[in-house]
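1. based on what follows, work out the 3D shape:
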Amino acid sequence: MTQTILAPVMTLVLWSLVMWAWLYVTRIPAMRKARIKLDPEAPTGALTQSLPPRVRWKADNYNHLMEQPTIFYATALALAVAGSGGGLNLWLAWTYVGLRIAHSLVQALVNVILLRWALFMAASGVLVVLAVRAAVRVF
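-> Have a look, this model is predicted:
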């Protein structure tokens with residue numbers, strides 16, 4: 001089994017945990033400052049709606065890291081099990097992870113939507129290529 005592709009997988013996992021910590025390090029003090037009452041009856045998002053955008057951006061990005069990257073994880077693990085986790089596939093995996101980290105930083109710090117979108121689309125393109133290469137290998 002080619003395990004080198006597991007390094008970018010674990011890098012994105014660890015980055016996701018960094019974003020998770022960052023969202024709480026910023027959200028909890030902001031909620032205290034805003035004196036937000038924890039109401040279990042409030043609809044999703046209502047508790048944090050009044051928080052400043054710079055606080056919400058971190059949580060938004062963390063949520064994004066729980067969405068499309070799941071396809072990356074499955075693809076990379078399939079490539080590792082199939083013995084194809086090196087070479088171009090490894091390069092594509094690292095490129096995807098780098099683009100997702102850049103996307104996170106843009107969204108969490110400045111949230112320039114066109115730049116964020118460009119990074120997302122570039123990462124998505126890399127993921128499509130990686131997934132197709134995995135499918136060809138597996139099938």
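
2. show me the shaky parts of the chain.
-> Within the chain, the stretches with pLDDT under 70 are 1-2.

3. for it, just list every one of the strands.
-> For the chain, applying DSSP state E gives no strands.

4. mind listing what the residue nearest in space to the middle of it touches?
-> Centroid-nearest residue in the chain: residue 65, 2.5 Å away (criterion: C-alpha atoms, centre = their mean). Residue 65 makes contacts with 12, 15, 16, 19, 100, 104, as judged by C-beta atoms under 8 Å, 6 or more residues apart in numbering. Quick note: C-beta positions are derived from backbone N, CA and C, even for glycine.

5. now with 6 Å?
-> Shown in contact with residue 65 (C-beta atoms under 6 Å, 6 or more residues apart in numbering): 16, 19.

6. wait, doesn't residue 100 sit right on residue 123?
-> Yes - counting by C-beta atoms under 6 Å, residue 123 is a contact partner of residue 100 at 5.4 Å.
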